[in-house]
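S.K.: let me see the structure of the following:
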Amino acid sequence: MAAMEGILVRVRSQLGMWRVSNVDPHDACGVLMKRIDVEHNVPVHQQQLSTDPAGSNVIDPSMPLAKVGVSRSGDMLYLKIDSTASALVNGPEMPTGKKIAADGSIVTMTFEESTADAGFRPGMPRLRDLKNNWTLTDFLEMDDKFVYKIKKQDEAMCTSVTMDHASAGAFTQYLSSFGWRQQRVGYLYGTFEEDNSVLVHAVYEPPQECTAESFELLEDPRAEQVERLADMLGMKRVGWIFAHPPREEGFMFSAEEVMFAAMEQLEAAQGVDKTPFVTIRCTVDPEDGNASVDPFQVSLQCMDMVAEGALGADPDNRSSVVVSPTFTAIKEGKRAETIESQFFLLTIAIKDHTSPILRRHFPMANRIGTMQTTDELKDLLVRPPTQRQHSATKPTKSTIPTKSTNLPTLIQQPTPTPQHSNTLTLQHPNTPTPQHPNTPTPQHPSTPTPQHPN
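M.R.: Purely as a prediction, here's the structure:
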């Protein structure tokens, strides 16, 4: 059985951003500190890891990384290096100066505050704290690492996506039961094909808390079990899918969604490298109630900028990412403080199929009002799916029914050329018109819940 791949952890120190790849979230934090010692020449006894930039939430080296919130690729920790460490040369824990607090008291400035103007870039140490002697070439090479010339990537790394017919319908049908008033996230499982296309057989929805504008993935006690099961079936995680309520025209991805997609691609590629890993976006047309399914990727440059901590959410515009003051982004010859998230997106062709591997007769995990019980398992084993389809009390959701059953029908739109994304439209007849995102979300949907891949 293949071992689970590690995650990529970002570590912000006085010397900049470091990326530590192939980290096991179940390892103790001390294991990560030893990696930093080996890879960046900072002895363990001169390291202090914390979960916040100020260094107030110091991490116990014996604590598992997952327990301190490091469980996904791209999660960040903050490292305070002791001033005597040789890696700092003169030691960037130099005098930071004082400031007057809001209550009138005099307090010591944080490292970030003290280096905002003194550092060669905001949030970075002074040049002489990195090394004593600098040439112009040295400086230009150092500074160039923090400059991005924003370019549109011509082609996606994934050539096409083939999405399982029933999985797409079950996912969007669950959202329609809420009137599309909240977001939802799932992982796509299938295979990467030789032509860099993606074949999706199933969707797994991890534990999550969602609102109309955001989602938060919770710790999943079944994560390893899901990966092992997928491995035994010859599958792996090949993408992720998310759904959101209707948005204004032109608003496709929020900053958080773009950065999450980049994190997922970084994890799949184990760094900034090409990967077919795909992102599928689902939403609904408020006019006719039909759901659309569109596949995307983010560019390699977006992956690089997210890995380096150069992008963040724009509080004034959800459809844009803001560039960190430590970095410089040049777009069309001008410095850009923000970048439209759509600029990083790459469209992909899509079609549907019926998975020959899996059928859906078991309740979906981690859904409101749905439970996976031994009685459900017994019923599945005792009665074949063909018998369950004719049961009046336990209707099956193994395939997407036709329009006459008032459940979704998957329609593939024609695509003239593979360069353009092919939108799959999911029709949900008799579904109420989607509500405004601020409409309260019902706690217990009354619509029958789609079934889980068995």
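
S.K.: what's the neighbour count on Leu8?
M.R.: The local packing of Leu8 (other Cβ atoms under 10 Å) involves 21 other residues. Bear in mind the C-beta positions are built from the backbone N, C-alpha and C, glycine included.

S.K.: before we move on, what about His26?
M.R.: Residues lying near His26 (other Cβ under 10 Å) number 14.

S.K.: on the three-state scheme, it is what?
M.R.: Following DSSP: H, G, I helix; E, B strand; the rest coil, the label given to His26 is coil.

S.K.: surely it meets Met63?
M.R.: No: shown here, His26 and Met63 do not form a contact pair, counting by Cβ atoms under 8 Å, at 11.2 Å.

S.K.: show me the helices in the stretch 101-250 of the chain, by range?
M.R.: Along the stretch 101-250 of the chain, counting by DSSP state H, counting those that start in this stretch, helices occupy 111-118, 136-144, 165-176, 223-232.

S.K.: chain center to the second one, what's the gap?
M.R.: The one in question is helix 136-144. The chain centroid and the centroid of helix 136-144 are separated by 33 Å under Cα atoms, centre = their mean, to the nearest Å.

S.K.: next, the buried residues of that helix.
M.R.: Residues of helix 136-144 classed as buried by neighbour count (16 or more other Cβ atoms under 10 Å): Met142.

S.K.: worst mean pLDDT among the helices of the stretch 101-250 of the chain?
M.R.: For those, mean pLDDT drops lowest on helix 111-118, to a mean of 56.

S.K.: and Ser50, how far from Asn57?
M.R.: According to Cβ to Cβ, to the nearest Å, Ser50 and Asn57 sit 5 Å apart.

S.K.: still on that earlier bit, looking at the helices of the stretch 101-250 of the chain, which is nearest to Glu39?
M.R.: Of all the helices of the stretch 101-250 of the chain, it is helix 136-144 that lies closest to Glu39, at 19.1 Å by Cβ to Cβ.

S.K.: which secondary structure elements does that closest one contact?
M.R.: The helices and strands touching helix 136-144, judged by 3 or more Cβ pairs under 8 Å, 6 or more residues apart in numbering; DSSP states H and E, number zero.

S.K.: show me the contact partners of it.
M.R.: Helix 136-144 is contacted from outside by Phe120, Arg121, Leu127, Leu130, using Cβ atoms under 8 Å, 6 or more residues apart in numbering.

S.K.: I'd say the third one and Trp134 touch.
M.R.: Okay, so that is Leu127. Yes: here Leu127 lies in contact with Trp134, judged by Cβ under 8 Å, at a distance of 5.7 Å.

S.K.: okay, the two: which has more neighbours?
M.R.: Neighbour count, other Cβ under 10 Å: between Leu127 and Trp134, Leu127 has more, with 17 against 13.

S.K.: mind checking the longest helix of this structure?
M.R.: In the chain, with assignment by DSSP state H, the single longest helix is helix 255-269.

S.K.: buried ones in that helix?
M.R.: For helix 255-269, by 16+ other Cβ under 10 Å, it's 255-269.

S.K.: pretty sure Asp304 is touching Ala269, no?
M.R.: No: counting by Cβ under 8 Å, Ala269 is not a contact partner of Asp304; they are 11.2 Å apart.

S.K.: so how far is Gln153 from the closest residue to Met157 other than its chain neighbours?
M.R.: Distances taken as Cβ to Cβ, 6 or more residues apart in numbering place Lys274 nearest to Met157, at 4.5 Å, with adjacent residues excluded. Relative to Gln153, Lys274 is positioned 11 Å away (Cβ to Cβ).

S.K.: what do these two both touch?
M.R.: Shared contacts of Lys274 and Gln153, counting by Cβ under 8 Å, 6+ apart, come down to Leu300.

S.K.: quick one: distance of stretch 120-131 to the chain centre.
M.R.: 31 Å.

S.K.: make CSV out of the contacts of helix 136-144 and add distance to Leu218 and pLDDT.
M.R.: CSV is the format used below for the contacts of helix 136-144 (distance: Cβ to Cβ, whole Å; pLDDT from 0 to 100):
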residue, distance to Leu218, pLDDT
Phe120, 40, 72
Arg121, 36, 79
Leu127, 43, 74
Leu130, 40, 70
